[in-house]
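J.: the sequence and its predicted three-dimensional model are supplied below.
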Amino acid sequence: MKRGLAYVLFLSMMIYVACASAVSCTDEVKNGAETDVDCGDGCAKCALGKLCIVNTDCASDVCTGPIGAPKTCAAPLATCGDGIKNQDETDVDCGGNNCRIRNKCALGKLCIVNTDCLSNNCTGLSVKTCKAGPTCNDGIKNGLETSVDCGGNICPKCGSGGVCISNADCLSNICTGISVKTCKNKTMMRNVWQKVKQFARFN
């Protein structure tokens, strides 16, 4: 009787060992300590939506769910420092309404408006990127310039023909016009006044 009982116990142990050794992380079955099929615990980390118990079961390191319900792997909360282009960011972790206050984009990064950029200069045709800030020799009318690379409070004064707003924008200190004001040179204006005087004298 004892021999028969010992044999049964031995046989049961062998079956258990055989079954345990058959469990693996690639058998396409949820078994062993896995939290979902072939993932979790000692196996590979689980993808989004897979069952989990703790954060380390998940590739995203986020295991969550309502109280009393099974937990699943979820995407991490989007932040301005998660290394992913998400939310309304214009580039990775910068720009957009959520990140542009703390993380403005560096030169070369994608942008939509000037305030997305550290340089406050977002330019481009089909794709806009952050460029160096406006200068007085970049060949573009930008910043406070009244004409290309001249006028305004920062750049040199404009020569004859340059668009202006006030006399201070012009080398000649003469800004005049009707719909569009331009800088005029003093010689030109002197000739105009002479002709006006001549016309007035003969009429």
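T.: In hand now; what should we look at? Numbers count the residues shown, from 1 in each chain.
J.: tell me who's in contact with the most centrally placed residue in the chain.
T.: Geometric centre of the chain, nearest residue: D91, 2.1 Å, by CA atoms, centre = their mean. By CB atoms under 8 Å, 6 or more residues apart in numbering, D91 lies in contact with 85, 105, 109-111. (C-beta placed from N, C-alpha, C; glycine too.)
J.: 7 Å instead?
T.: 85, 105, 109-110 (CB atoms under 7 Å, 6 or more residues apart in numbering).
J.: can you put these in a markdown table and add secondary structure and distance to A132?
T.: Listed next are the contacts of D91 as a markdown table, based on DSSP: H, G, I helix; E, B strand; the rest coil; distance: CB to CB, whole Å:
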| residue | secondary structure | distance to A132 |
| --- | --- | --- |
| K85 | coil | 23 |
| C105 | strand | 13 |
| K109 | coil | 13 |
| L110 | strand | 16 |
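J.: can I get the residues you listed in TSV including distance to C155 and pLDDT?
T.: TSV is the format used below for these (distance: CB to CB, whole Å; pLDDT from 0 to 100):
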residue	distance to C155	pLDDT
K85	36	90
C105	26	95
K109	27	97
L110	29	97
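J.: what's the most distant pair in those residues?
T.: Spatial extent of the contacts of D91 (CB to CB) is set by the pair K85 and C105 at 11.1 Å.
J.: quick one, domains of this structure?
T.: 20-73, 84-133, 139-194 (automatic domain parsing).
J.: burial count for I112?
T.: 14 (other CB atoms under 10 Å).
J.: which SS class is it?
T.: What DSSP: H, G, I helix; E, B strand; the rest coil gives for I112 is coil.
J.: ok, now which ones touch the closest residue to it other than its chain neighbours?
T.: Spatial nearest neighbour of I112, excluding adjacent residues (CB to CB, 6 or more residues apart in numbering): T90 at 5.3 Å. For T90, the contact set (CB under 7 Å, 6+ apart) comprises 96, 105, 110-112, 116.
J.: dump the residues you listed to JSON lines, plus distance to G151.
T.: Conversion of those to JSON lines gives the following (distance: CB to CB, whole Å):
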{"residue": "G96", "distance to G151": "33"}
{"residue": "C105", "distance to G151": "29"}
{"residue": "L110", "distance to G151": "31"}
{"residue": "C111", "distance to G151": "26"}
{"residue": "I112", "distance to G151": "28"}
{"residue": "D116", "distance to G151": "27"}
